[in-house]
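what's the 3D shape of this:
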Amino acid sequence: MTSLAVVLIVLAAAALILALRTRASTGLPWAPILADDARVGRGLERPLLARRYGLSGKPDYLIERGGRQIPVEVKPGRYAKQPYESDLMQLAAYCLLVEETSGHAPPYGILRYAEASFRLRYTPEVRADLLTILDEMRDLLDAEDADRSHSQPGRCAGCGFADICEDSLA
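The predicted model follows:
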């Protein structure tokens with residue numbers, strides 16, 4: 001009977017070590033996960049919605065730290081030493097959504113690339129920058145004609161307007 005107990009203890013320890021390594025590889029802090037959009041059944045039922053800003057979305061994860069919801073966006077295919085501005089603004093949008101839906105602004109959001117994690121402090125300046133970008137995006141949607149904003153054929157190839165766009169690189 002004691003040899004069975006030893007085997008079970010060793011298996012439990014191995015499972016714990018594997019779980020800890022898996023958690024560490026995600027780049028997430030050790031915190032309760034409130035929603036996990038990466039796995040079926042654990043994500044948010046509906047997207048977060050901020051009607052007054054015309055904004056909705058689902059972060060990859062929502063974790064809880066210090067009684068606050070923290071959005072986490074994961075870009076597993078990105079390898080960069082510095083975060084892209086567009087990714088930071090996407091994360092800022094999730095921070096705004098958390099603020100609007102929970103009534104409390106998160107102090108920060110987390111952006112995870114393949115080999116690095118970045119923390120975006122959600123400050124009034126970041127919020128103001130995001131709102132300016134949202135206004136600019138709305139203006140472009142209302143415009144008769146908008147110029148292409150990049151020089152990347154891959155982005156054009158994945159665009160839903162590539163077949164009708166006169167500026168398409170694809």
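
so where is the chain shaky, pLDDT-wise?
Along the chain, segments meeting pLDDT under 70 span 1, 22-28, 32, 35-44, 146.

And Leu141, its phi and psi?
Dihedral pair for Leu141: phi -70, psi -30, per degrees, to the nearest 10.

Please apply the same query to the one 3 residues further on.
Torsion angles at Glu144 (phi, psi; degrees, to the nearest 10) stand at phi -70, psi -40.

Count the residues that sit near it.
4 (other Cβ atoms under 10 Å). For the C-beta atoms, the positions are set from N, CA and C on the backbone; glycine is no exception.

wait, what's in contact with it?
By Cβ atoms under 8 Å, 6 or more residues apart in numbering, no residues touch Glu144.

so what secondary structure elements neighbour the longest strand anywhere in the chain?
In the chain, taking DSSP state E as the definition, the longest strand is strand 68-75. Counting contacts by 3 or more Cβ pairs under 8 Å, 6 or more residues apart in numbering; DSSP states H and E, strand 68-75 is packed against strand 61-65, helix 85-102, strand 108-113.

Take the ones you listed and write them to JSON lines, including distance to Arg51 and mean neighbour count.
Putting these into JSON lines (distance: least, Cβ to Cβ, whole Å; neighbours: other Cβ atoms under 10 Å) gives the following:
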{"stretch": "strand 61-65", "distance to Arg51": "20", "mean neighbour count": "19"}
{"stretch": "helix 85-102", "distance to Arg51": "8", "mean neighbour count": "19"}
{"stretch": "strand 108-113", "distance to Arg51": "21", "mean neighbour count": "22"}
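
closest one to Val7 among the ones you listed?
strand 61-65 (34.8 Å; Cβ to Cβ).

Pairing partners for the closest one, with directions?
Note on strand 61-65: by DSSP bridges, its sheet partners are strand 33-36 (antiparallel), strand 68-75 (antiparallel).

And the contacts of the longest one?
Outside strand 68-75, the residues within contact range by Cβ under 8 Å, 6+ apart are 26-28, 31, 34, 38, 59-64, 87, 90-91, 94-95, 97-98, 102, 104, 106-114.

Looking at the strands paired with strand 61-65, which one is packed in the most?
Across these, averaging neighbours per residue (mean count of other Cβ atoms under 10 Å) puts strand 68-75 on top, at a mean of 22.

How far off centre is that one?
5 Å (Cα atoms, centre = their mean, to the nearest Å).

List the contacts of the longest helix along the chain.
Ranked by residue count and defined by DSSP state H, the top helix of the chain is helix 2-26. Contact with helix 2-26 is made by Trp30, Val74, Arg112, as judged by Cβ under 8 Å, 6+ apart.
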